[in-house]
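# the sequence and its predicted three-dimensional model are supplied below.
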There are 2 protein chains.
Amino acid sequence: MLRVTGTRLMVTRLSTVASVARTLQWQRVSVNVWTTRSECCVTRQWTRCYATAIRQQRRGSCGSRRPDLGLRSRWRSALAVGTAFGIFAYFALRRSHRAAESPDGATAGSRRDDLPDIRRKDIERHKDASTGVWMTYRDGVYDVTDFVAEHPGNKKILLAAGGAVDGFWDFYAIHHTPHVYRQLEELRIGNLHPEDAAQTPASNGSSSKAFSHEPRRAPVLQVHSARPFNAEPPSELLVDDFITPTTLFFVRNHLPVPAMVDSVTVDGVGVHRPVNMSVSEMKTRFEVITVTTAMQCAGNRRREMDDFRSVKGLQWGSAAIGNAEWTGVRLSDVLAYAGVREGDIEHVIFQGGDSDAEGTPYEASIPAAIALDPHRDVLLAFEMNGEPLAEDHGAPCRVIVPGFIGARQVKWLRRITASRAVSESHWQRADYKIVPDSFNWAHDDISEVMPIYEYPVQSAICEPANGSSLDADEDTVVVRGYSWSGGGRGILGVDVSVDEGVTWRAARLTQTPQGVGRQWAWTLFDVEAAIPSDRRGGRLDVMCRAVDTAHNSQPGDIAAIWNQRGLLHNACHRVTVHVPESH
Amino acid sequence: MLRVTGTRLMVTRLSTVASVARTLQWQRVSVNVWTTRSECCVTRQWTRCYATAIRQQRRGSCGSRRPDLGLRSRWRSALAVGTAFGIFAYFALRRSHRAAESPDGATAGSRRDDLPDIRRKDIERHKDASTGVWMTYRDGVYDVTDFVAEHPGNKKILLAAGGAVDGFWDFYAIHHTPHVYRQLEELRIGNLHPEDAAQTPASNGSSSKAFSHEPRRAPVLQVHSARPFNAEPPSELLVDDFITPTTLFFVRNHLPVPAMVDSVTVDGVGVHRPVNMSVSEMKTRFEVITVTTAMQCAGNRRREMDDFRSVKGLQWGSAAIGNAEWTGVRLSDVLAYAGVREGDIEHVIFQGGDSDAEGTPYEASIPAAIALDPHRDVLLAFEMNGEPLAEDHGAPCRVIVPGFIGARQVKWLRRITASRAVSESHWQRADYKIVPDSFNWAHDDISEVMPIYEYPVQSAICEPANGSSLDADEDTVVVRGYSWSGGGRGILGVDVSVDEGVTWRAARLTQTPQGVGRQWAWTLFDVEAAIPSDRRGGRLDVMCRAVDTAHNSQPGDIAAIWNQRGLLHNACHRVTVHVPESH
């Protein structure tokens, strides 16, 4: 039964929510919203549909053709009323959408009286595409059939098909975020029957053992996932130092921190002299150099992209970046020592000491042309900011690939393999790729999409912080932030605007001199701008944009670069602050 | 006396137009428009002012704060009437602005009865900033005082101070374009007195002698300047071949084509073995290689930028780019042979055989890190597309710097100088730089602005041609074009939209395999798109956008990248075509 009350579609007494969605689709109702007593779920389809409508609406009022201009007055009135209704409905639904983000560690997977009980034996019959894939989390039952192809961890989700996902999530604790809880509850179809729930085996405790090597971390870090640990500093602290203090440097762990093993091997195609060496052997055998380079997670600023339109992944703010001095030996020297020559190989694969529940280690690769070029300054690094590497940053040895995304700079390095092909790892073949909206996970082959290596030009405002309030006594606002570009391209300039982009002021830059094409360090910027008097007692938007030495500029808006994984968000950054009335 | 008639400001009986401009400014009339019987001049200031207003207007209607919403009804009415008047005034003035572009080779500098006659001896007293700088062209007298700093040829303009510019323009024939005529007439203050005009010496004929080495050119080229020769092919022809035929390759000559001299010398800092060699000696002494690379003029697509807001320079369309096979020897090999080592020098200077009226040769430089890196494939090239270089492309030897702007790839190469500083030439120090709107030519130092080297990501639609009409029988439109990025970055994808950017389709790419970081060749693209039925009998805008391997994307609009010289226009390309009614 379907009742429409105001802007709410009330759904009651249905066997499964999934079938409602199907019914609505069959009836060509393009907006898939259902509200129950306990919570409200707004599907991605709705978000997508509404985002398109909003875009069209904006574009329509933006000087391009407006088909309504020739309509008669009453139609125009109807249009106005319709638009007003649409806007009202949007905000009303957005509010309930926000409310739907509420499932947390306590409520996700808890019983919902509006949904049917399902027996364990029925769930066990849903293990593949032919029957549909069901699984349980705590007391919840979920139909994940359509989600399997989209799962960032790919087919690994099928390990829990027909059973409980709880134990896996104990290990892959990255799932324990509000974002994932929300996505999960969107797939909810019922409750595990109380009799079966009582018999669900507890998680096997492998998790706590796997995470026995985690170090102590600075309490100031903002944690996106506790296990594996993923966290970033408050962005205001990021611009206090040109060299980011190690304790403030963002941490992006894909898996538990491993036990420390001081040994790196080199093998593979063209290796005439296999290598197995400790850090102290590296230091005696090869030239030791120090390179200052920024490192940025490919997911930096994902939260903003997610605000625009839902994406998958950890909800990084704008501080998943840092600038450090890395000391180590050149990979090109090590490969030359091993006998590897240009032309023999196409890629160099790095294997980390961190591994998943099945023992599969983290792995990534870079093109051989980069690995073998001494000008690219690819390092096997054992020091960060003059100290031995910290546990969270890959002790005792990690790879540094200046200008590349963080995911290729493998930590806890154990093995280097010269190869004709890219790494077979999930992270190389199925993740860290720009997946456009049009990509169909069921039919298209993700392994054919180019892996991300180099970062495009980026900049972000760190101070004032988004949502903060300016000082009532000040007539000006000091704007500070960072900018950076991949591939050794430096920053030519950063502009800041406090009037919605009508005028821009060039910021002062703080840089370190580096060679042409080897400008790996970031650029900090600052500028003092007069607060427009008409913003007193209201909001002020502050925007920045950078240009790199190849004259590439940041995209003006997110729409052009939105992608399913929320990677490489480098559109113009904007923070909104409150401006108090003057005293 | 100042009369206002409708949207026109009529100015009559004034001693000089310059003084009117001053008067208007003094009265804080921000729009500097004056109309005379013979022509109408709209100053840059007006264009700038209007462009800002238009931007603000668009932005205002785009979902951001609208301060008018709280106004009372009569204010809103007034606002509506004002806006309507503004729009009317804009189009009326734009029409007269277009009409003002009319001065051509026949009318520029011809007598104007509305202006006073000025004696030669008065003109001769205006030679520097203290008196103002005046000069004549044919029968016209011009006050160029404020223009001197902005002149693309810099202080060379002062060679004609207090005298006639005619003879110089015979040599620097690049001035004979409608664009320059229009700029000149904006500075008009009077007529050369008829008695003095009769005594003006004729040009000395040096021009025809200087241009005695010009070759025959393909008639299909669209000529922007005959002397020196600057021309591009029709863009529709550009995408017919992955390798651009030499006769269709754009020509950008800064000076007359010189007599052919088969000798290149190498000298400068760190050169232990000076070199003086012919092309045949190069071939025997060094490895000969062939590199396929696109070459693009930094001014490509300048006309579009000028349409948005006036810029200085040749009005290139979108075909000042080509893709060719260049055969030659590596510059890094030649420098190594001469004894130059990394660390000794910072720049490598190239001198061409082409020189100006005073004998100053064309010169440019590139960073030594690029010149010395064999992976950058910098060539001393003597063949293009398998044939010896043509006269217009630098015979017998030129520099090829893949991924850089054309201006650094010096033609008719005579001398290579290893150096600690960039070239002293005008083209290196004062031209080919991104000069922002805020740059003040009177106070800021252009030599401190970074010279342009690498090109950012670019793409343009070649077919259908802008302004063309589609076939009435076709339901689809085939869109073809090119894309390219500098610095050896390849193209990951090109998207095309026929619905104002609401949806985008991935185009098919034609590429040649090249090494990572050495993707010098361009990418051609094509896609067949359904013509939206609602565009029948109207206009259709077709847009394209490219992403390079560093995930840089093209700017969405020109405003963010507009610069005084109109260089590196890589904003999203758009062509507008007519769609006939179906048969």
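Cool, the structure landed.

# and the closest residue to residue A:490 other than its chain neighbours, how many neighbours does it have?
Distance criterion C-beta to C-beta, 6 or more residues apart in numbering or on different chains; nearest residue to residue A:490, sequence neighbours excluded, is residue A:519 at 3.4 Å. Bear in mind the C-beta positions are built from the backbone N, C-alpha and C, glycine included. Residue A:519 is flanked by 25 other residues according to other C-beta atoms under 10 Å in any protein chain shown.

# residue A:519: what's it in contact with?
Applying C-beta atoms under 8 Å, 6 or more residues apart in numbering or on different chains, we find residue A:519 in contact with A:485, A:488, A:489, A:490, A:491, A:549.

# hmm, try it at 10 Å
By C-beta atoms under 10 Å, 6 or more residues apart in numbering or on different chains, residue A:519 lies in contact with A:293-294, A:402-403, A:484-485, A:487-491, A:511-513, A:548-549.

# any idea of the pLDDT on it?
Looking at residue A:519, its pLDDT stands at 98.

# what's the burial count for the closest residue to residue A:356 other than its chain neighbours?
Among residues not flanking residue A:356 along the chain, residue A:255 sits closest, at 5.7 Å (C-beta to C-beta, 6+ apart). Neighbours of residue A:255 under the rule other C-beta under 10 Å: 23.

# model confidence score at residue A:255, please.
96.

# my read: it touches residue A:353, true?
Yes - when contacts are counted by C-beta atoms under 10 Å, residue A:255 is listed as touching residue A:353 (9.4 Å).

# intersection of neighbour lists for those two?
Common neighbours of residue A:255 and residue A:353 (C-beta under 10 Å, 6+ apart) are A:361, A:362, A:411, A:412.

# of these, which belong to strands?
Assignment to strands by DSSP state E places the following of the shared contacts of residue A:255 and residue A:353 there: A:361, A:362.

# buried subset of the contacts of residue A:519?
When the contacts of residue A:519 are checked for burial by 16 or more other C-beta atoms under 10 Å in any protein chain shown, the buried set is A:293-294, A:402-403, A:484-485, A:487-491, A:548-549.

# any chance of CSV for those, columns distance to residue A:305?
Below are the buried ones among the contacts of residue A:519 laid out as CSV (distance: C-beta to C-beta, whole Å):
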residue, distance to residue A:305
A:293, 25
A:294, 20
A:402, 25
A:403, 22
A:484, 18
A:485, 19
A:487, 22
A:488, 26
A:489, 23
A:490, 26
A:491, 22
A:548, 21
A:549, 26
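
# ok, so of the residues you listed, who is nearest residue A:395?
residue A:293 (18.5 Å; C-beta to C-beta).

# these two touch, right, that closest one and residue A:328?
No - taking contacts as C-beta under 10 Å, residue A:293 lies outside contact range of residue A:328: 11.5 Å.

# still on that earlier bit, ok, so of the buried ones among the contacts of residue A:519, who is nearest chain B?
residue A:487 (5.3 Å; C-beta to the nearest C-beta).

# isn't the closest one right next to residue A:377, touching?
No - taking contacts as C-beta under 10 Å, residue A:487 lies outside contact range of residue A:377: 11.9 Å.

# need the overlap of contacts for these two.
Common neighbours of residue A:487 and residue A:377 (C-beta under 10 Å, 6+ apart) are A:370, A:402, A:403, A:518, A:520.

# what distance separates stretch A:301-313 from the middle of the whole chain?
8 Å (C-alpha atoms, centre = their mean, to the nearest Å).

# before we move on, what about stretch A:388-396?
That offset, for stretch A:388-396, works out to 23 Å (C-alpha atoms, centre = their mean).

# do the same with stretch A:311-324
6 Å.

# just the terminal-to-terminal distance for that stretch.
Using C-alpha to C-alpha, to the nearest Å, one end of stretch A:311-324 lies 29 Å from the other.

# for the nearest residue to residue A:211 once chain neighbours are set aside, what are its contacts?
Nearest non-adjacent residue to residue A:211, counting by C-beta to C-beta, 6+ apart: residue A:256, 4.8 Å away. Applying C-beta under 10 Å, 6+ apart, we find residue A:256 in contact with A:171, A:173, A:207, A:209-214, A:227-229, A:354-357.

# quick one: which of the residues you listed is nearest to residue A:539?
residue A:229 (35.0 Å).

# which residues does the closest residue in space to that closest one that isn't next to it in sequence contact?
Using C-beta to C-beta, 6+ apart and skipping residues adjacent in sequence, the residue nearest residue A:229 is residue A:253, 5.0 Å away. Shown in contact with residue A:253 (C-beta under 10 Å, 6+ apart): A:174, A:214, A:225, A:227-231, A:352, A:354, A:362, A:391-394, A:411-412.

# mark which of these are buried, thanks.
A:174, A:214, A:225, A:227-231, A:352, A:354, A:362, A:391-394, A:411-412.
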